[in-house]
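Q: fold the following.
(chains A and B)
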Amino acid sequence: DTGVSQNPRHKITKRGQNVTFRCDPISEHNRLYWYRQTLGQGPEFLTYFQNEAQLEKSRLLSDRFSAERPKGSFSTLEIQRTEQGDSAMYLCASSEMGGRETQYFGPGTRLLVL
Amino acid sequence: AQKVTQAQTEISVVEKEDVTLDCVYETRDTTYYLFWYKQPPSGELVFLIRRNSFDEQNEISGRYSWNFQKSTSSFNFTITASQVVDSAVYFCALSESLWAGNNRKLIWGLGTSLAVNP
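A: Model prediction:
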């Protein structure tokens, strides 16, 4: 069990560019979550996958954001036409369905939009 | 509405002092889960404890202990004999069962920044 991994760890981009982040969950976990955290705040829920199905999206997730989880394994989060307000830490978590549903987090991807 | 309140923004203690971090929650659900996570300066959220709403037994793990009081909707966290390595931001979080369906998204407090000074 290698834990949740996220890549890249840091990303600096210019406003208007597209960025894509990747999350590899713990292998036997079928639930995957994306959160966003800004400085001094707690994480905010963005979206949730159960296997390959995206079951819920937050109102925070504008049309510029899209997430996928092909084959129910890794997930990607893409932000198109980035804005300075997108600068944040993007966190991925995974959990097992049923029983112990504790979410385990990856190290996050820190995005800075210039 | 679901809500988690951590009224203490920052706490500073001297090593070996005991410190309690407060967490108060609001939920419409009768079955829910409460969590504490630690976020050190590196940024990764580290799971500390999960508590079910129907289990009010307090828990101790080494220097850490948790006091769950359903009557006051509180889930406080105490660190005994604090150490410098305990310095971090600590988050309390809530996830619901009935109303959430299959989505166990976490509702977070704003966190308490703990500084343990030598």
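
Q: residues contacting B:Cys92?
A: Applying C-beta atoms under 8 Å, 6 or more residues apart in numbering or on different chains, one finds that B:Cys92 lies in contact with B:4, B:6, B:21, B:23, B:25, B:34-36, B:75, B:77, B:108-109. All C-beta atoms are positioned from the backbone trio N, CA, C, and that covers glycine.

Q: redo that, cut-off 6 Å
A: Going by C-beta atoms under 6 Å, 6 or more residues apart in numbering or on different chains, B:Cys92 touches B:4, B:6, B:23, B:36, B:109.

Q: residues contacting the first one?
A: Contact partners of B:Val4, counting by C-beta under 6 Å, 6+ apart, are B:25, B:92, B:94, B:107, B:109.

Q: same thing with the last one?
A: With contacts taken as C-beta under 6 Å, 6+ apart, B:Gly109 has the following neighbours: A:42, B:4, B:6, B:91-92.

Q: thinking again about what came up before, reformat the contacts of B:Val4 as TSV; add pLDDT and secondary structure.
A: Converted to TSV, the contacts of B:Val4 look like this (pLDDT from 0 to 100; DSSP: H, G, I helix; E, B strand; the rest coil):
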residue	pLDDT	secondary structure
B:Tyr25	97	strand
B:Cys92	98	strand
B:Leu94	94	strand
B:Ile107	94	strand
B:Gly109	96	coil
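
Q: just the residues you listed now: which is nearest A:Met89?
A: B:Gly109 (16.7 Å; C-beta to C-beta).

Q: output stretch B:63-78 as PDB, restricted to C-alpha atoms.
A: Listed next in PDB are the C-alpha coordinates belonging to stretch B:63-78 (Å, rounded to 0.1, in the frame of the first residue of the first chain):
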ATOM      1  CA  ARG B  63      -0.600  11.200  23.900                       C
ATOM      2  CA  TYR B  64      -3.800  11.900  21.900                       C
ATOM      3  CA  SER B  65      -7.300  11.700  23.300                       C
ATOM      4  CA  TRP B  66     -10.700  12.600  22.000                       C
ATOM      5  CA  ASN B  67     -13.900  13.600  23.900                       C
ATOM      6  CA  PHE B  68     -17.100  13.100  21.900                       C
ATOM      7  CA  GLN B  69     -20.200  14.700  23.500                       C
ATOM      8  CA  LYS B  70     -23.300  14.200  21.400                       C
ATOM      9  CA  SER B  71     -25.300  16.300  23.900                       C
ATOM     10  CA  THR B  72     -23.200  19.400  23.100                       C
ATOM     11  CA  SER B  73     -22.300  18.400  19.500                       C
ATOM     12  CA  SER B  74     -18.700  18.600  20.300                       C
ATOM     13  CA  PHE B  75     -15.700  16.400  19.400                       C
ATOM     14  CA  ASN B  76     -12.600  17.900  21.200                       C
ATOM     15  CA  PHE B  77      -9.100  16.700  20.800                       C
ATOM     16  CA  THR B  78      -6.500  16.800  23.600                       C
END
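
Q: now residue 65. Nearest residue, chain neighbours left out?
A: This is for chain A. A:Ile79 (5.6 Å; C-beta to C-beta, 6 or more residues apart in numbering or on different chains).

Q: hmm, I had chain B in mind actually
A: According to C-beta to C-beta, 6+ apart, the nearest residue to B:Ser65 is B:Thr78 (4.8 Å).

Q: pull the helix or strand with minimum mean pLDDT from chain A.
A: strand A:53-57 (a mean of 90; mean pLDDT, DSSP states H and E).

Q: report the beta-bridge partners for the closest residue to chain A within chain B.
A: Closest contact between chain B and chain A, by C-beta to the nearest C-beta, is at B:Trp108 (3.1 Å). According to DSSP bridges, the residues that bridge with B:Trp108 are B:Ala93.
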